[in-house]
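Q: Quick one, fold the following:
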Amino acid sequence: MAIATGSRSRLIAGRLMLVSALALALSLAFAGAASAQTAFQANVAGTGTPRGCSNGATLCGTANIAGHSTANWNWFVTGVTPVQTSCGTTYTATVDFTLASDGSTLALNESGYICAPGKDAIGFFAEGPMALGHPNYPHGTWTVDTADSTGQFAGLGGSGTDDLQSAGGQVSGSYIGTLG
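A: Residues are numbered from 1 along each chain as shown. Prediction:
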């Protein structure tokens, strides 16, 4: 049985429309998933002592989180591999931001490297934990710890980077990335 030329054209056109509609729906679905990511930025400022903060954090202070206002910030070092070069020491840390408005907590797992002045950063390493007054510059990458994040941050994933500056017991820096 032969199919008329007009019927074949309509069949092909119908299939092309179906494929085009499917392609459009898939592209919109992926665009929706991508737009679910939101920018994250936090500026931190605080202090540290050779013995750490009263809650056990290595560094602590306050943060201004874009879109969320103020928070408490805590940086807990969980591991250090010292290398006596200006940027060779690596670290791991956990970080938490607790919103002042409702107590929601954003928990992060972080790792990176620490730079210190001088070719071999000898001033920093000579004094060990008492080297707090010597400048150092942690540079890290982080991912959200979904198990420990609560409230407004519950169930969110995400990742980003941070740059901190510490000297004389004072610390400041910024975290940037995406949450979603």
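
Q: excluding its backbone neighbours, what's nearest the spatially most central residue of the chain?
A: Against the mean C-alpha coordinate of the chain, by CA atoms, centre = their mean, the closest residue is residue 160 at 3.4 Å. Distances taken as CB to CB, 6 or more residues apart in numbering place residue 177 nearest to residue 160, at 1.6 Å, with adjacent residues excluded. From N, CA and C alone the C-beta is placed, and that goes for glycine too.

Q: what about the strands in this protein?
A: Using DSSP state E, the strands assigned to the chain run over residues 38-47, 59-65, 69-81, 89-99, 105-115, 137-144, 158-167, 170-179.

Q: Pipe those strands into CSV and attach mean pLDDT and distance to residue 150 per row.
A: Formatted as CSV, the strands of the chain follow (pLDDT from 0 to 100; distance: least, CB to CB, whole Å):
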stretch, mean pLDDT, distance to residue 150
strand 38-47, 96, 16
strand 59-65, 96, 15
strand 69-81, 94, 13
strand 89-99, 96, 9
strand 105-115, 96, 5
strand 137-144, 96, 12
strand 158-167, 95, 15
strand 170-179, 96, 14
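
Q: out of these, nearest to residue 53?
A: Of all those, strand 59-65 sits nearest to residue 53, with 3.8 Å by CB to CB.

Q: The closest one pairs with which strands, parallel or anti?
A: Under the criterion DSSP bridges, strand 59-65 sits next to strand 38-47 (antiparallel), strand 69-81 (antiparallel) in its sheet.

Q: okay if I get those strands as JSON lines plus mean neighbour count and distance to residue 151?
A: Conversion of the strands paired with strand 59-65 to JSON lines gives the following (neighbours: other CB atoms under 10 Å; distance: least, CB to CB, whole Å):
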{"stretch": "strand 38-47", "mean neighbour count": "17", "distance to residue 151": "15"}
{"stretch": "strand 69-81", "mean neighbour count": "17", "distance to residue 151": "11"}
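
Q: Contact partners for residue 43?
A: By CB atoms under 8 Å, 6 or more residues apart in numbering, the contact set of residue 43 is 63-64, 172-174.

Q: Specify the beta-bridge partners of the residue nearest to the centre of the chain.
A: Here residue 160 sits in beta bridges with residue 142, residue 177, as judged by DSSP bridges.

Q: Surely residue 65 touches residue 98?
A: No - with contacts defined as CB atoms under 8 Å, residue 65 does not count as touching residue 98, sitting 10.5 Å away.

Q: Touching both of these two, which residues are there?
A: Listed as contacting both residue 65 and residue 98 by CB under 8 Å, 6+ apart are residue 71.
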